[in-house]
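Chemist: next comes the sequence, and after it the predicted model I'd like to discuss.
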Amino acid sequence: MSLVDTADTADTARAGTGPAGFGKLPRQPAGPPSVRVDEVAPPTGPAPDTADAGAVPAAGRARVVAALSRLRLLLPSPTGTPFTFGYTLVLLVTSFIAAHAAPAFVGELLRGSSTDVAHLTHTPLLVLVASALWIAGGVTSGFAVAFLFVLTALERRIGSLGAAAVFAGGHVLATLATELPVGFAVAAGQLPVSSLHRLDYGISFGVMTCTGALAGLLPGRLRWPLLAGVGYLAVGDVVAFVDPMAAWGHLLALALGVVSWPLLRRRRARRARPEPLRGDLGHPALRTERAG
């Protein structure tokens, strides 16, 4: 064997791995060092809170439900506000008739429902009720929108009978206060006889009275802006002198609602009291004796 062959044999032996017989196999390339599972370091930092992650959507859904519930309270319902709900249905029917029936027929209905001096002299009760079944300007008028929200809020605070009494009282008193002077002026010769047949109908007087009444049951941060805004509109109509009888009637109706604050607050306080125990008339002494 030559020296070159001896050197090649020695190099080959050094390059081999393992026992004899495997010396001619090439060496495997060195890979990354193996790591035992139990030697892996645990992750640092707080573990993710899966409970909090699930609570975020739940809290969001709860807020949405609460917001929808509050919005629902702004609108009338057959169980919560039966007076406003039923009255709204009647006004929708009459507004549909006024918008789609023959103009001559609608005109005859409105003239028969007018609370002018001539009708108030002969059929006062009939026209006072009938005139409140129509909306001057239709369902898109400002008074129609105010009717929906104002009467709903008022009825939720003082009950159906209380809201009906406030609306009817304002409608009747403001109507009489604006029409009776017309009759006296005609009798004195200050106005023509045609003024006795002035067309007068709608819910505006009742809505203005309910608005003034509702303001007294609201917190101060809502009461005074509401009164200031509605009062500004009413005074503006009086100054404009477009329809002075209706304008003065609206201002008077608003004042009637404000005057009713003490009575309505007492009524709301009575409604907020707890129900008396059955059989003891709610007397504290009797409750104590029964408890003992």
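Modeler: Looks like it came in fine.
Chemist: show me which residues of stretch 149-156 are buried.
Modeler: If you call a residue buried by 16 or more other C-beta atoms under 10 Å, then stretch 149-156 has these buried ones: Val150, Leu151, Thr152, Ala153, Leu154, Glu155, Arg156. Just so you know, the C-beta spots here come from the backbone N, C-alpha and C atoms, and that holds for glycine as well.
Chemist: in strands, which of the residues you listed appear?
Modeler: Nothing among the buried residues of stretch 149-156 maps onto strands, per DSSP state E.
Chemist: may I see those residues organised as CSV, with distance to Leu110 and pLDDT added?
Modeler: Listed next are the buried residues of stretch 149-156 as CSV, based on distance: C-beta to C-beta, whole Å; pLDDT from 0 to 100:
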residue, distance to Leu110, pLDDT
Val150, 24, 98
Leu151, 23, 98
Thr152, 27, 97
Ala153, 29, 97
Leu154, 27, 97
Glu155, 27, 97
Arg156, 32, 96
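Chemist: same list (the residues you listed) but as JSON lines, adding distance to Val259.
Modeler: Listed next are the buried residues of stretch 149-156 as JSON lines, based on distance: C-beta to C-beta, whole Å:
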{"residue": "Val150", "distance to Val259": "17"}
{"residue": "Leu151", "distance to Val259": "19"}
{"residue": "Thr152", "distance to Val259": "22"}
{"residue": "Ala153", "distance to Val259": "19"}
{"residue": "Leu154", "distance to Val259": "15"}
{"residue": "Glu155", "distance to Val259": "20"}
{"residue": "Arg156", "distance to Val259": "22"}
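Chemist: what strand or helix carries Thr88?
Modeler: Using DSSP states H and E, the secondary-structure element containing Thr88 is helix 82-100.
Chemist: tell me the helix or strand right after that helix.
Modeler: Using DSSP H and E, the next helix or strand after helix 82-100 towards the C-terminus is helix 103-113.
Chemist: which strands and helices lie in contact with that next one?
Modeler: With contacts taken as 3 or more C-beta pairs under 8 Å, 6 or more residues apart in numbering; DSSP states H and E, helix 103-113 sits against helix 82-100, helix 124-130.
Chemist: residue contacts, Ala253?
Modeler: Shown in contact with Ala253 (C-beta atoms under 8 Å, 6 or more residues apart in numbering): Gly170, His171, Leu173, Ala174, Ser204, Phe205, Gly206, Met208, Thr209, Gly212.
Chemist: and the helices in the stretch 151-292 of the chain?
Modeler: Listed in chain order, the helices of the stretch 151-292 of the chain (DSSP state H, counting those that start in this stretch) span 204-215, 220-240, 244-259, 261-272, 284-291.
Chemist: between those helices, which one is nearest to Arg198?
Modeler: Within those, the stretch nearest Arg198 is helix 244-259; the backing value is 7.5 Å (C-beta to C-beta).
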